[in-house]
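Chemist: when you get a sec, could you give me coordinates for this:
(4 chains)
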There are 2 protein chains.
Amino acid sequence: MRLSSFADYAVVLMSAAARHCGAGAGRDPATHKHLRMNATTLSAETGIPLPTAQKLVSRLSAAGLLESSRGTGGGVRLARPPATITLADVVEAVEGPIAMTACAEMGAHDCNLESDCRIRPHMNLANDAIRAALAGVTIASLTRDIPPPFAPSEVEKQVAL
Amino acid sequence: MRLSSFADYAVVLMSAAARHCGAGAGRDPATHKHLRMNATTLSAETGIPLPTAQKLVSRLSAAGLLESSRGTGGGVRLARPPATITLADVVEAVEGPIAMTACAEMGAHDCNLESDCRIRPHMNLANDAIRAALAGVTIASLTRDIPPPFAPSEVEKQVAL
DNA sequence: GCGCAATCGGACGGATATGGTCCGATTTGA
DNA sequence: TCAAATCGGACCATATCCGTCCGATTGCGC
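Modeler: Predicted coordinates:
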């Protein structure tokens, strides 16, 4: 009943990305510097190990939450406004569909007594409630509240910052 | 974001136990047969592998959800009325405290920037919502609805019943 | 009072999934 | 055209979880 550390990291990473470069923010015409973030920058800022950050960027891009540009000066940026991205989106991007029981998954019909299952509708109800809870929190809301520059939710085994 | 198969099984097992022997149901004075369920019976009825069912019984007993009696004719029964046992209780019994992030756990203070964490309160909010969703479903509600004698929620790799 | 049988309880080993590391493919800028 | 920097995917170590087994304990029958 705990989300994977990947999902946890993903939330932190998306939050950091939202703080620096919103959707549509290409490059600053004045400074001519890129507003995009790359995996290295995000890693340094959040404390997430670089390889893990790269993997997360990859998955989040594949899920359509980040837009990536390759080559020199490339990087990633949010594909949508932070207010339209929810925790449910992020979690599903890295962990797959939110389904507490295997029953609840899309095309899963492995349950041998599926038609007679009494507790399944209740499970689905709870499942929907959980998804709604996650969908109620947007990335935008995570960037508000407290000023400090960075704030990893958990960097347990990270000794040195 | 999926609960372990242990937790899934535990729900099925508790549901089966509630269907047969409610709290306080000792032995039937007429038939002189025990109303208690043992791990073997529960296993046969739910399709849960016997060793796993034993393990679940053990954990659920330790958590105070089941009362176990050893020796010949022993077995287990619900420690409380089914209406007072929720999915949250069962899940916590077998999976530990419901905490999406490591931050949210009881005595976890591993986050190196704990005081500055901006997303933690939001996570806790979502966490509470999830727990509330699970706490809203009682074991008693799982025994209603549909008549068939048994109904495992998922017995994926179980070929023969 | 004693032995037996049945049960719970904990310990061990294998398997799956996760997290971390590395190298190659691709693209932009000079 | 060359070179640098980036994303993308493949590989391996680790940890957790699941399934199996054996021992400890208790109550019944003799």
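
Chemist: so how many other residues sit close to the residue of chain A found nearest DNA strand C?
Modeler: Closest contact between chain A and DNA strand C, by C-beta to the nearest atom of the strand, is at residue A:51 (2.3 Å). Just so you know, the C-beta spots here come from the backbone N, C-alpha and C atoms, and that holds for glycine as well. By other C-beta atoms under 10 Å in any protein chain shown, the residues close to residue A:51 number 10.

Chemist: in a strand, that's where it is, yeah?
Modeler: No. Read with DSSP: H, G, I helix; E, B strand; the rest coil, residue A:51 is helix and lies in no strand.

Chemist: distance check, it against DNA strand D.
Modeler: Distance, residue A:51 to DNA strand D, using C-beta to the nearest atom of the strand, to the nearest Å: 7 Å.

Chemist: ok, residue A:120 next?
Modeler: 18 Å.

Chemist: may I have the phi/psi pair for residue A:86?
Modeler: Dihedral angles of residue A:86 (phi, psi; degrees, to the nearest 10) stand at phi -110, psi 170.

Chemist: OK, contacts around the spatially closest residue to it that is not a sequence neighbour?
Modeler: Among residues not flanking residue A:86 along the chain, residue A:135 sits closest, at 4.6 Å (C-beta to C-beta, 6 or more residues apart in numbering or on different chains). For residue A:135, the contacting residues are A:86-89, by C-beta atoms under 8 Å, 6 or more residues apart in numbering or on different chains.

Chemist: how about residue A:10?
Modeler: Counting by C-beta under 8 Å, 6+ apart, residue A:10 touches A:56, A:59-60, A:90-91, A:93-94.

Chemist: can you name the element that comes right after the stretch of helix or strand it belongs to?
Modeler: Taking DSSP states H and E as the definition, one finds residue A:10 inside helix A:5-20. The helix or strand immediately downstream of helix A:5-20 is helix A:39-46, counting by DSSP H and E.

Chemist: quick one: that next one near chain B?
Modeler: No. Against chain B, helix A:39-46 shows no contacts by C-beta under 8 Å from any C-beta of the partner chain, the least distance being 10.1 Å.

Chemist: would that helix count as contacting DNA strand C?
Modeler: No. Using C-beta under 7 Å from any atom of the strand, helix A:39-46 stays clear of DNA strand C, with a minimum separation of 9.7 Å.

Chemist: try stretch A:69-81
Modeler: Yes. Contact of stretch A:69-81 with DNA strand C (C-beta under 7 Å from any atom of the strand) involves A:69-74.

Chemist: that older thread, tell me what angle the helix holding residue A:10 forms with helix A:39-46.
Modeler: Computed by axes from the mean of the first three to the mean of the last three C-alpha atoms, to 10 degrees, the angle separating helix A:5-20 from helix A:39-46 equals 90 degrees.

Chemist: what's the local residue count around residue A:44?
Modeler: Residue A:44: 14 surrounding residues under other C-beta under 10 Å.

Chemist: for residue A:96, same thing?
Modeler: Using other C-beta under 10 Å, the number of residues around residue A:96 comes to 12.

Chemist: and for residue A:40?
Modeler: A count of neighbours around residue A:40, defined by other C-beta under 10 Å, yields 12.
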